[in-house]
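Chemist: how would this look folded up:
(2 chains)
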Amino acid sequence: MRVELVALVVPDEPRAAKIKTLYQEIDALAGELDAKRAQRLEQLRALDAQRDVADAEIETAMQGLRVDGHEAFVRYVSLQTQLRELLTPDEFRKLDAAR
Amino acid sequence: MLWVALATAISLLTGDGDDTEAFRAMVEYLRMRVQAVVSDPQRQKLALAAVEQTEGAFGEHRAGLKQVGDCIEALDRTYDATAQSYYDCDAQADPSWQRVTARVLEARHALTGAVSVEEWQQIVARAPGDPR
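Modeler: Numbering: from 1, shown residues only, chains lettered A, B, ... in the order given. Now for the predicted structure:
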(Lines give C-alpha, C1' and ligand atoms only; values in the text may rest on other atoms or scores of the structure.)
Protein backbone atom coordinates (compact mmCIF):
# COMPACT_ATOMS: atom_id res chain seq x y z
CA MET A 1 0.00 0.00 0.00
CA ARG A 2 2.77 2.43 0.95
CA VAL A 3 4.67 1.48 -2.20
CA GLU A 4 1.71 2.57 -4.30
CA LEU A 5 1.44 5.86 -2.45
CA VAL A 6 5.07 6.89 -2.72
CA ALA A 7 4.60 8.56 -6.09
CA LEU A 8 1.70 10.59 -4.70
CA VAL A 9 3.52 11.69 -1.55
CA VAL A 10 7.04 12.25 -2.91
CA PRO A 11 7.04 14.71 -5.82
CA ASP A 12 10.67 14.21 -6.81
CA GLU A 13 10.67 11.21 -9.17
CA PRO A 14 14.22 9.85 -8.73
CA ARG A 15 13.88 10.08 -4.94
CA ALA A 16 10.44 8.44 -5.09
CA ALA A 17 11.90 5.54 -7.08
CA LYS A 18 14.60 4.96 -4.44
CA ILE A 19 12.03 5.07 -1.63
CA LYS A 20 9.78 2.66 -3.47
CA THR A 21 12.67 0.22 -3.84
CA LEU A 22 13.38 0.42 -0.12
CA TYR A 23 9.76 -0.38 0.74
CA GLN A 24 9.83 -3.30 -1.68
CA GLU A 25 12.99 -4.61 -0.05
CA ILE A 26 11.35 -4.34 3.37
CA ASP A 27 8.38 -6.33 2.11
CA ALA A 28 10.67 -8.97 0.58
CA LEU A 29 12.61 -9.46 3.83
CA ALA A 30 9.77 -11.33 5.50
CA GLY A 31 9.61 -13.83 2.65
CA GLU A 32 13.37 -14.38 2.76
CA LEU A 33 13.24 -14.96 6.50
CA ASP A 34 10.42 -17.48 6.10
CA ALA A 35 12.52 -19.39 3.57
CA LYS A 36 15.51 -19.50 5.93
CA ARG A 37 13.29 -20.66 8.77
CA ALA A 38 11.91 -23.44 6.60
CA GLN A 39 15.49 -24.66 6.10
CA ARG A 40 16.17 -24.53 9.84
CA LEU A 41 13.05 -26.51 10.51
CA GLU A 42 14.14 -29.18 8.08
CA GLN A 43 17.39 -29.47 10.04
CA LEU A 44 15.39 -29.76 13.24
CA ARG A 45 13.21 -32.46 11.72
CA ALA A 46 16.36 -34.41 10.86
CA LEU A 47 17.28 -34.30 14.55
CA ASP A 48 13.74 -35.23 15.44
CA ALA A 49 14.08 -38.94 14.89
CA GLN A 50 16.86 -39.14 17.46
CA ARG A 51 15.96 -39.48 21.08
CA ASP A 52 19.45 -38.98 22.43
CA VAL A 53 20.60 -35.73 20.93
CA ALA A 54 23.15 -33.57 22.72
CA ASP A 55 21.80 -30.38 24.27
CA ALA A 56 24.36 -28.42 22.27
CA GLU A 57 22.78 -29.56 19.01
CA ILE A 58 19.38 -28.40 20.12
CA GLU A 59 20.80 -25.13 21.39
CA THR A 60 22.55 -24.55 18.09
CA ALA A 61 19.38 -25.28 16.13
CA MET A 62 17.36 -22.90 18.27
CA GLN A 63 20.04 -20.24 18.15
CA GLY A 64 19.93 -20.57 14.38
CA LEU A 65 16.37 -19.34 14.38
CA ARG A 66 17.41 -16.34 16.44
CA VAL A 67 20.45 -15.64 14.27
CA ASP A 68 18.37 -15.72 11.09
CA GLY A 69 15.91 -13.31 12.64
CA HIS A 70 18.70 -11.03 13.80
CA GLU A 71 20.38 -10.96 10.40
CA ALA A 72 17.10 -10.00 8.77
CA PHE A 73 16.63 -7.37 11.45
CA VAL A 74 20.01 -5.77 10.76
CA ARG A 75 19.00 -5.44 7.12
CA TYR A 76 15.62 -4.07 8.17
CA VAL A 77 17.22 -1.39 10.35
CA SER A 78 19.49 -0.38 7.49
CA LEU A 79 16.49 0.00 5.17
CA GLN A 80 14.59 1.99 7.78
CA THR A 81 17.57 4.28 8.25
CA GLN A 82 17.89 4.84 4.50
CA LEU A 83 14.18 5.64 4.30
CA ARG A 84 14.56 8.39 6.86
CA GLU A 85 17.47 9.81 4.95
CA LEU A 86 15.33 10.06 1.83
CA LEU A 87 12.01 11.16 3.30
CA THR A 88 11.08 14.47 4.85
CA PRO A 89 9.25 14.28 8.20
CA ASP A 90 6.01 15.26 6.50
CA GLU A 91 6.35 12.60 3.78
CA PHE A 92 7.24 10.04 6.41
CA ARG A 93 4.12 10.92 8.40
CA LYS A 94 1.86 10.66 5.35
CA LEU A 95 3.27 7.28 4.32
CA ASP A 96 3.13 6.00 7.88
CA ALA A 97 -0.57 6.90 8.00
CA ALA A 98 -1.11 4.52 5.08
CA ARG A 99 0.17 1.50 7.03
CA MET B 1 8.69 -34.14 18.25
CA LEU B 2 8.86 -31.99 21.32
CA TRP B 3 11.38 -29.47 20.25
CA VAL B 4 10.58 -29.71 16.58
CA ALA B 5 6.97 -28.84 17.18
CA LEU B 6 7.96 -26.13 19.54
CA ALA B 7 10.78 -24.82 17.42
CA THR B 8 8.22 -24.64 14.66
CA ALA B 9 6.08 -22.68 17.03
CA ILE B 10 8.99 -20.38 17.84
CA SER B 11 9.44 -19.67 14.19
CA LEU B 12 5.80 -18.76 13.94
CA LEU B 13 5.83 -16.61 17.02
CA THR B 14 5.59 -12.95 16.36
CA GLY B 15 3.59 -11.94 19.37
CA ASP B 16 0.63 -11.38 17.09
CA GLY B 17 -2.69 -13.15 17.37
CA ASP B 18 -2.26 -15.48 14.40
CA ASP B 19 0.50 -17.58 15.87
CA THR B 20 -1.46 -18.56 18.98
CA GLU B 21 -3.68 -21.04 17.18
CA ALA B 22 -0.80 -22.84 15.45
CA PHE B 23 1.09 -23.07 18.72
CA ARG B 24 -1.89 -24.45 20.61
CA ALA B 25 -2.53 -27.02 17.88
CA MET B 26 1.04 -28.30 18.15
CA VAL B 27 1.02 -28.51 21.91
CA GLU B 28 -2.38 -30.18 21.90
CA TYR B 29 -1.17 -32.70 19.33
CA LEU B 30 1.88 -33.49 21.42
CA ARG B 31 -0.30 -33.93 24.49
CA MET B 32 -2.59 -36.26 22.55
CA ARG B 33 0.34 -38.36 21.29
CA VAL B 34 1.72 -38.73 24.80
CA GLN B 35 -1.66 -39.82 26.10
CA ALA B 36 -2.05 -42.29 23.25
CA VAL B 37 1.43 -43.80 23.51
CA VAL B 38 2.43 -43.74 27.20
CA SER B 39 0.12 -46.15 28.97
CA ASP B 40 1.80 -46.15 32.37
CA PRO B 41 -0.13 -43.54 34.40
CA GLN B 42 2.83 -42.32 36.42
CA ARG B 43 5.13 -41.88 33.43
CA GLN B 44 2.32 -40.37 31.41
CA LYS B 45 1.81 -37.80 34.15
CA LEU B 46 5.50 -36.90 34.06
CA ALA B 47 5.48 -36.66 30.27
CA LEU B 48 2.41 -34.44 30.27
CA ALA B 49 4.02 -32.26 32.91
CA ALA B 50 6.95 -31.80 30.54
CA VAL B 51 4.55 -30.74 27.80
CA GLU B 52 2.91 -28.28 30.18
CA GLN B 53 6.29 -26.93 31.23
CA THR B 54 7.14 -26.29 27.61
CA GLU B 55 3.79 -24.68 26.96
CA GLY B 56 4.46 -22.28 29.83
CA ALA B 57 7.93 -21.48 28.53
CA PHE B 58 6.60 -20.59 25.12
CA GLY B 59 3.78 -18.54 26.51
CA GLU B 60 6.38 -16.47 28.32
CA HIS B 61 8.55 -16.29 25.22
CA ARG B 62 5.62 -15.11 23.15
CA ALA B 63 4.95 -12.32 25.62
CA GLY B 64 8.62 -11.33 25.46
CA LEU B 65 8.55 -11.22 21.68
CA LYS B 66 5.37 -9.18 21.70
CA GLN B 67 7.12 -6.54 23.80
CA VAL B 68 9.96 -6.42 21.29
CA GLY B 69 7.49 -6.25 18.39
CA ASP B 70 5.59 -3.40 20.01
CA CYS B 71 8.86 -1.57 20.65
CA ILE B 72 9.91 -1.88 16.99
CA GLU B 73 6.51 -0.90 15.70
CA ALA B 74 6.61 2.29 17.77
CA LEU B 75 10.00 3.12 16.23
CA ASP B 76 8.68 2.41 12.74
CA ARG B 77 6.22 5.23 13.32
CA THR B 78 8.85 7.64 14.65
CA TYR B 79 10.77 9.72 12.13
CA ASP B 80 13.63 10.41 14.54
CA ALA B 81 14.17 6.75 15.41
CA THR B 82 17.84 5.78 15.20
CA ALA B 83 19.48 2.49 14.31
CA GLN B 84 20.63 2.22 17.92
CA SER B 85 17.08 2.57 19.20
CA TYR B 86 16.07 -0.34 16.95
CA TYR B 87 18.93 -2.47 18.26
CA ASP B 88 18.00 -1.61 21.83
CA CYS B 89 14.52 -2.98 21.15
CA ASP B 90 15.86 -6.14 19.55
CA ALA B 91 18.30 -6.76 22.40
CA GLN B 92 15.32 -7.25 24.69
CA ALA B 93 14.67 -10.54 22.85
CA ASP B 94 17.98 -12.12 23.87
CA PRO B 95 17.07 -12.99 27.48
CA SER B 96 13.76 -14.40 26.27
CA TRP B 97 15.53 -16.66 23.76
CA GLN B 98 17.99 -17.82 26.40
CA ARG B 99 15.22 -18.61 28.86
CA VAL B 100 13.06 -20.46 26.38
CA THR B 101 16.01 -22.54 25.15
CA ALA B 102 16.93 -23.54 28.70
CA ARG B 103 13.36 -24.41 29.56
CA VAL B 104 12.85 -26.42 26.39
CA LEU B 105 15.95 -28.44 27.19
CA GLU B 106 14.70 -29.03 30.73
CA ALA B 107 11.34 -30.15 29.40
CA ARG B 108 12.99 -32.40 26.85
CA HIS B 109 15.07 -34.06 29.54
CA ALA B 110 11.91 -34.57 31.55
CA LEU B 111 10.13 -36.09 28.58
CA THR B 112 12.96 -38.41 27.55
CA GLY B 113 13.25 -39.48 31.17
CA ALA B 114 9.56 -40.33 31.27
CA VAL B 115 9.21 -42.33 28.06
CA SER B 116 10.94 -45.43 26.70
CA VAL B 117 12.82 -45.50 23.41
CA GLU B 118 9.88 -47.27 21.75
CA GLU B 119 7.40 -44.74 23.10
CA TRP B 120 9.59 -41.89 21.95
CA GLN B 121 9.67 -43.32 18.44
CA GLN B 122 5.90 -43.59 18.41
CA ILE B 123 5.51 -40.04 19.65
CA VAL B 124 7.83 -38.59 17.02
CA ALA B 125 6.36 -40.65 14.18
CA ARG B 126 4.15 -38.56 11.95
CA ALA B 127 0.50 -39.50 12.09
CA PRO B 128 -2.74 -38.18 10.58
CA GLY B 129 -3.58 -34.85 12.15
CA ASP B 130 0.05 -33.93 12.81
CA PRO B 131 0.06 -30.12 12.62
CA ARG B 132 3.80 -29.82 12.06
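Chemist: once you drop chain neighbours, what's closest to A:R15?
Modeler: Excluding its sequence neighbours, the residue lying closest to A:R15 (Cβ to Cβ, 6 or more residues apart in numbering or on different chains) is A:L86, at 5.8 Å. No exception for glycine: its C-beta is placed from N, CA and C like everyone else's.
Chemist: next up, the contacts around that neighbour.
Modeler: A:15, A:18-19, A:22 (Cβ atoms under 8 Å, 6 or more residues apart in numbering or on different chains).
Chemist: gap between it and B:A63?
Modeler: 35 Å (Cβ to Cβ, to the nearest Å).
Chemist: next: B:D88.
Modeler: 19 Å.
Chemist: same check, this time on A:T81
Modeler: Applying Cβ to Cβ, the value for A:T81 to B:A63 is 29 Å.
Chemist: comparing these two, which shows the higher neighbour count?
Modeler: In terms of neighbours (other Cβ atoms under 10 Å in any protein chain shown), A:T81 is the more surrounded of A:T81 and B:A63; the figures are 14 against 11.
Chemist: that one contacts B:Q84, correct?
Modeler: No: using Cβ atoms under 8 Å, A:T81 is not in contact with B:Q84; the gap is 10.3 Å.
Chemist: tell me the buried residues in stretch A:7-23?
Modeler: For stretch A:7-23, burial by neighbour count (16 or more other Cβ atoms under 10 Å in any protein chain shown) applies to A:9-10, A:16, A:18-20, A:22-23.
Chemist: same list (the contacts of A:L86) but as CSV, adding pLDDT, distance to B:A49 and secondary structure.
Modeler: Below are the contacts of A:L86 laid out as CSV (pLDDT from 0 to 100; distance: Cβ to Cβ, whole Å; DSSP: H, G, I helix; E, B strand; the rest coil):
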residue, pLDDT, distance to B:A49, secondary structure
A:R15, 96, 59, helix
A:K18, 96, 56, helix
A:I19, 96, 53, helix
A:L22, 95, 49, helix
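Chemist: for chain A, what helix or strand is lowest in average pLDDT?
Modeler: helix A:13-48 (a mean of 85; mean pLDDT, DSSP states H and E).
Chemist: how far off centre is that helix?
Modeler: 5 Å (Cα atoms, centre = their mean, to the nearest Å).
Chemist: near chain B, which residues of chain A?
Modeler: For chain A, the contact set with chain B under Cβ under 8 Å from any Cβ of the partner chain comprises A:37, A:40-41, A:44-45, A:47-49, A:51-52, A:55, A:58-59, A:61-63, A:65-66, A:70, A:73, A:76-78, A:80-81, A:84, A:87, A:89, A:92-93, A:96, A:99.
Chemist: can you do 7 Å?
Modeler: Selection of chain A residues close to chain B by Cβ under 7 Å from any Cβ of the partner chain yields A:37, A:41, A:44-45, A:48-49, A:51, A:55, A:58-59, A:61-62, A:65-66, A:70, A:73, A:77, A:80-81, A:84, A:89, A:92, A:96.
Chemist: going through those residues, which ones are buried?
Modeler: Members of the residues of chain A next to chain B classed as buried by 16+ other Cβ under 10 Å are A:37, A:41, A:44-45, A:48, A:51, A:58, A:61-62, A:65-66, A:70, A:73, A:77, A:80, A:84, A:92.
Chemist: does at least one residue of stretch B:94-107 sit close to chain A?
Modeler: Yes: against chain A, stretch B:94-107 shows contacts by Cβ under 7 Å from any Cβ at B:97, B:101, B:105.
Chemist: pLDDT averaged over that stretch - what is it?
Modeler: Stretch B:94-107 carries an average pLDDT of 86.
Chemist: sounds good, over and out.
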